[in-house]
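1. quick one, fold the following:
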Amino acid sequence: MSAKEEVQRINEQILAAAAEGDFAPFVNALADDVEVFDHVPYLFEGKAAFLRHLQTAAAGTEVMTYAVHQCSYRAAGDAAVVFNSHDRLSTIPKGGLAKIQCGRATWVYARKGSEWKIVSAHFSVPAE
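-> Have a look, this model is predicted:
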C-alpha cells in the first residue's frame, strides 16, 4: 500500500469518528511535537499546548462534531503526506443554539517509526 493510501485509510477512520463527536482518534494521531496554527492568532507548539486550547474551546459544549469535504491527499515521498480539505465544526453548548464554523484544514502526516502521525496542522476560517 502506498503512503498516500495508508494515510487516507487512517484519516478516514479519524474523520468518521469525529463526525460522531469522538475526537480520541484525532488526538491519538497527533505527534507529541506537533505544531498547530489555529484560526485564533496563536501557534501551538506541542500536543499538550494544543490539547489545552481544545479543552478550553470545548468547555461547556454538549455536542461537537467535525466533518470535511473536497479532500485532497498528496504524498511527498514515502514518509510524508499532506491532507487538505474544507471543514465544518459544529458545536452545541449546553442549553444554547448550535454554532457552525466552516473553514479549511491542512494536516501534514509523517511516518514516525511504524506509525503515521500528524506533525503539522493548520485550521483557518474565512474573514467575516
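
2. and the contacts of the helix or strand bottoming out on mean pLDDT in the chain?
-> The helix or strand of the chain with the lowest confidence, counting by mean pLDDT, DSSP states H and E, is helix 47-58 at a mean of 90. Around helix 47-58, the neighbours that count as contacts under Cβ atoms under 8 Å, 6 or more residues apart in numbering are 23, 27, 30-34, 36, 38, 40, 42, 44, 64, 91. Where C-beta positions appear, they are placed from N, C-alpha and C, glycine not excepted.

3. buried ones in stretch 80-100?
-> Ala80, Val81, Val82, Phe83, Asn84, Ser85, Asp87, Leu89, Ser90, Thr91 (16 or more other Cβ atoms under 10 Å).

4. quick one on the thing from earlier: which pair of the contacts of helix 47-58 spans the longest distance?
-> Across the contacts of helix 47-58, no pair lies farther apart than Asp33 and Thr91, at 27.8 Å, counting by Cβ to Cβ.

5. strands of this protein, residue ranges please.
-> For the chain, the strands defined by DSSP state E occupy 30-37, 43-45, 61-75, 80-93, 99-112, 115-124.
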